[in-house]
Every structure is written in C-alpha cells, then in structure tokens.
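>>> okay, structure incoming, though there's no sequence with it:
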C-alpha cells in the first residue's frame, strides 16, 4: 500500500537573511572560548508574519561557535513577545548557495499554549547545526556572503503532526547537474531520441541523457548500435508514463515541481536509473511529508527495498526515541 502523505492546514512564510563580510565575522570567533549560551559572536534577524489577521514578530539569532562554516553554529528561534493567538509553529533553516540551491540545516518545533507561566521569558528554542555541505566555500559563501532561507510553518490545526526535529540529512553532490538544460526542456524540434513508455512517446535530447542519466544513455546507445544506427526509438516497461515525465523534468531542470506528491514512485525510478540526486530529494520529501511514528515500520521496509539509507536511518531513529511528532517541548 502506498504511503499516505501528511495533509495539514498550514500557513507558510519565507524570509531571507543575508550576512555580509563573513570572513570578518569568523575572524572574531575564538573556537576555544566560544560555547553556548555565551557565544561572543552573535547575529540576530527579526521578521514578522501575519496569520489570520494576527501579526507576530520573531527573532532568529546565530551563535558562531567556531571559525569555520562546516564546524557548526547554533541558532536560537523564538517569538519576540507573547504569542496571540497561541499557534504551533515549525521553523526550518536552509543555507542558500551561489546557484540558489537550498541545503537543509535544521529545524525547531514550537508548541505555544495558554498554560506556560513564564511565556514572556521562555528560553528560546536552540538548533545546534553541524551541516554536511557538499559545495566549496566559494559556492556556499559567494562574495563572502552567507544567505539563509527561513521557512516558518504555522499550523492551523489544533493538534498538528510535527516533523522530526532531529532529522539526519546529508546533501550528496551530483556533478552531472553542473550543466543547465532548463531551456532545452522547452524545445521539442531537435530531440533526437524517442522513448516509448507504455504507449506514450517522450522525445528526448540524447546529449541530456548522456550528461544526466548515463544508464538510460547506455541503453539508447546500445540499442542504436545493435540496430545499425537507424533506430532512435527505445521502449521502457518498468515505469509509468506519469512518473517518467517527472524523471525527464528532473533531468532537464534539476527539480520536480510536484515531487512531494510522487516521492515514493520517484524514489524507485531514481534507484532504477541511478539518479543519485533525485533519490536524495525523494528521501528528504518522504522524511518531511510522509514519515510518522505510526508508519515508521512500513517506511523502513520501503527504505530497505530501495536502498534509501537516510530514510531508513531517520525512521529507525524515530522508533528508537519514541518520537511521535506531536509531543513538542
């Protein structure tokens, strides 16, 4: 039975935080004296959201506890003042690189209610981040600037299912994504390979297959060699047309617009066609939008079937820690 996507009523807002002159910031950090909560080098960002007619102010503070980006830092997140109405929220933090790729760093869930006696002085929620980042510093900090993408999810349901805070996620690089074929995705005239998927024809540029999906390229090349080079038609029987359409979208554009709705099927396709980056994205989507304590055993079986190690690790972690996504402290 396919996994069921978690459907919740939420309001999302997005904010960019740009920090310039990062080399100067790191130069002020003494890694032998930096420890939370007394990190001497801090930067704070304030932003506001408005949900159902209520404005709420938030603050995010970076505590630099080492003089290198990949050595980790801490982030405090909290409402600036007493929250009205008492919403439940999740704050996701991403690092944005020079190519506008977003790398997930971590999150904090906050469950606000009427019963906390010291809400005005409640200790901020802290994320301790030691990111696994594949790119070079020049890519991650272009022009000596760090850009953070802040995603704030406000739950409108009374008893929301929170995503796991302690997600273990590594961003695997994919050298094949260095070329940009997004403009070719719009071009139909010069596509020189026809791929048949259960009666549906998909014209494809052979050079895109060569760059993005060597396994499919080898299938096409072998077929053409064994048919005297005259046949540019290849049939696939191990995938549905709607899923292959999204595989092509990924190969051309490096993304799938509705990936979250098809993550399970795309995970299998990514494994079969050796698309490591797509597999990475599908695992992240399944961890974000499908994994719960109730289905964690089913998710583990799925992960083992498709060699999805990160998904398996997070499902196992959820079981071992009896974390159900609803109990937030």
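Looks like it arrived, so ask away. No experiment lies behind these values; they were computed from the predicted model shown.
>>> what's the offset of stretch 87-96 from the middle of its chain?
Distance, stretch centre to chain centre, for stretch 87-96: 12 Å (Cα atoms, centre = their mean, to the nearest Å).
>>> which parts of that stretch are buried?
For stretch 87-96, a neighbour-count test (16 or more other Cβ atoms under 10 Å) marks 87-96 as buried. To be clear about C-beta, it is placed using only N, CA and C from the backbone, and glycine gets the same treatment.
>>> over to stretch 275-293?
275, 277-293.
>>> related to what we said a few turns ago, okay, the buried residues of stretch 87-96 in JSON lines with secondary structure next?
Listed next are the buried residues of stretch 87-96 as JSON lines, based on DSSP: H, G, I helix; E, B strand; the rest coil:
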{"residue": "87", "secondary structure": "coil"}
{"residue": "88", "secondary structure": "strand"}
{"residue": "89", "secondary structure": "strand"}
{"residue": "90", "secondary structure": "strand"}
{"residue": "91", "secondary structure": "strand"}
{"residue": "92", "secondary structure": "strand"}
{"residue": "93", "secondary structure": "strand"}
{"residue": "94", "secondary structure": "strand"}
{"residue": "95", "secondary structure": "strand"}
{"residue": "96", "secondary structure": "strand"}
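>>> so can I have TSV of those showing distance to residue 199?
Below are these laid out as TSV (distance: Cβ to Cβ, whole Å):
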residue	distance to residue 199
87	49
88	47
89	47
90	43
91	47
92	41
93	45
94	40
95	44
96	42
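>>> out of the residues you listed, who's nearest residue 16?
Nearest to residue 16 among the buried residues of stretch 87-96, counting by Cβ to Cβ, is residue 96 at 7.7 Å.
>>> and the nearest residue to that closest one once chain neighbours are set aside, what is it in contact with?
Of all residues not flanking residue 96 in the chain, residue 147 sits nearest, at 4.2 Å (Cβ to Cβ, 6 or more residues apart in numbering). By Cβ atoms under 8 Å, 6 or more residues apart in numbering, the contact set of residue 147 is 16-19, 95-96.
>>> try residue 133
69-70, 95, 103, 140, 171.
>>> please report how far it lies from residue 193.
36 Å (Cβ to Cβ, to the nearest Å).
>>> returning to what we had before: surely the residue nearest to residue 96 is within a helix?
No: Residue 147 is assigned strand when assessed by three-state DSSP, not a helix.
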